[in-house]
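K.L.:
Fold the following, please.
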Amino acid sequence: MALAFKPQCPPLGPIKAKARAHSQRLIDDRNATKYSVHGLFGIFGKGDLSADVGRKYFKNYGDVKVDFMHAHACRLGRSMRAPTVCEVGFNAGLSALLLLESIPHARVLSFDLGDFAWARPADAILREQYGAARFPGVVFGDAVRRIPEHAAEHPFRCDAVFVDGDKSYAGRYGTLSALRGVSRASAAVFMDEVTTEACVNGTYLPGGPQHERQCAAMDQSFWPSVRAYTRACHEGWLRVQHCAWPLRHPHDGICLGKFSTS
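P.N.:
Presented below is the predicted three-dimensional model:
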């Protein structure tokens, strides 16, 4: 009898070291990349000091988001033979690197607006390191439009997705909807920028007075995304399963859910 396909999860320590080295390459070329600190704007943020010390986006997540994604991505990867993971919000490529390393037999498709100077250099680094079969390169442009366009040109189905990117209500909801359109039934959904589980899981009527009263003030910049998650859950095609929050940022968490056909 053939043994079940159960690949081992790679240890997280070396992955964090690779992420740090990736950031350092961008930092070393900061005149061109404008990248100045490890984890800038992303899940690997550790509040590193730099010439720009004091700027509000130097958040220290204490590896909570990294640990969460690694643990759940490994678990998901062990049940899939050749998964495709789709992400919106490539940024500096650290989330893509984490997914590529956490699921060594996965292909990662990334979409990004490309509005940061470091995105294209980061894309080039990962394409060089992982090759086109595993990382074919970032699809740049508005993800809501580019996801279905790319699927029409190069058909694919997502087994898991990572949702970040556009911070507007229409953009985040559109991103979720576009990803659902190219995903398999019950695909896993990593949702970044979550204030509380109740604020995103459909507990409240989306954007209603109780939802706004309970959730809007926690982090005003995430309120549009929170509304989008809640709407998708309230409509029944997204379900939240597990969440985690960094100690220093209790209203800037990450959740794992899944797309639902019901």
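
K.L.:
from the middle of its chain, how far away would the longest strand along the chain be?
P.N.:
Ranked by residue count, the top strand of the chain under DSSP state E comes out as strand 183-194. The gap between where strand 183-194 is centred and where its chain is centred comes out at 9 Å by Cα atoms, centre = their mean, to the nearest Å.

K.L.:
Offset the numbering so it begins at 181, please.
P.N.:
All set: I'll call the first residue 181, so the last point we hit is now strand 363-374.

K.L.:
So what touches that strand?
P.N.:
223, 245, 249, 252-253, 256, 266, 269, 337-344, 347, 356, 359-360, 380, 399, 402, 405-406, 409, 418, 420, 423, 425, 432-441 (Cβ atoms under 8 Å, 6 or more residues apart in numbering). Every residue, glycine included, has its C-beta placed from N, CA and C.

K.L.:
repeat that with 6 Å
P.N.:
256, 337-344, 380, 402, 405, 409, 433-439, 441 (Cβ atoms under 6 Å, 6 or more residues apart in numbering).

K.L.:
residues contacting Val362?
P.N.:
Counting by Cβ under 6 Å, 6+ apart, Val362 has contacts 327, 331, 338.

K.L.:
what's the distance between the residue lying closest to it once chain neighbours are set aside and Lys226?
P.N.:
The shortest distance from Val362 to any non-neighbouring residue, by Cβ to Cβ, 6 or more residues apart in numbering, is to Ala331 (4.7 Å). As judged by Cβ to Cβ, to the nearest Å, Ala331 and Lys226 stand 35 Å apart.

K.L.:
Drop anything exposed from the contacts of strand 363-374.
P.N.:
256, 338-344, 380, 402, 405, 409, 433-439 (16 or more other Cβ atoms under 10 Å).

K.L.:
Among those, name the ones in helices.
P.N.:
Mapping the buried ones among the contacts of strand 363-374 onto helices (DSSP state H) picks out 256, 380, 405, 409.

K.L.:
For these, give me TSV that also has pLDDT.
P.N.:
Below are those laid out as TSV (pLDDT from 0 to 100):
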residue	pLDDT
Leu256	93
Val380	97
Ser405	96
Tyr409	97
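
K.L.:
circling back: buried sites along the longest strand of the chain?
P.N.:
363, 367-374.

K.L.:
what pairs with that strand, and is each one parallel or antiparallel?
P.N.:
If you go by DSSP bridges, strand 363-374 pairs up with strand 338-343 (parallel), strand 433-439 (antiparallel).

K.L.:
right, so of those strands, which gets closest to Lys196?
P.N.:
strand 433-439 (16.5 Å; Cβ to Cβ).

K.L.:
Ignoring the adjacent residues along the chain, who's closest to the residue nearest the centre of the chain?
P.N.:
With distances taken as Cα atoms, centre = their mean, Phe342 lies nearest the centre of the chain, 3.6 Å away. Residue nearest to Phe342 in three dimensions, not counting chain neighbours: Glu267, with 3.9 Å by Cβ to Cβ, 6+ apart.
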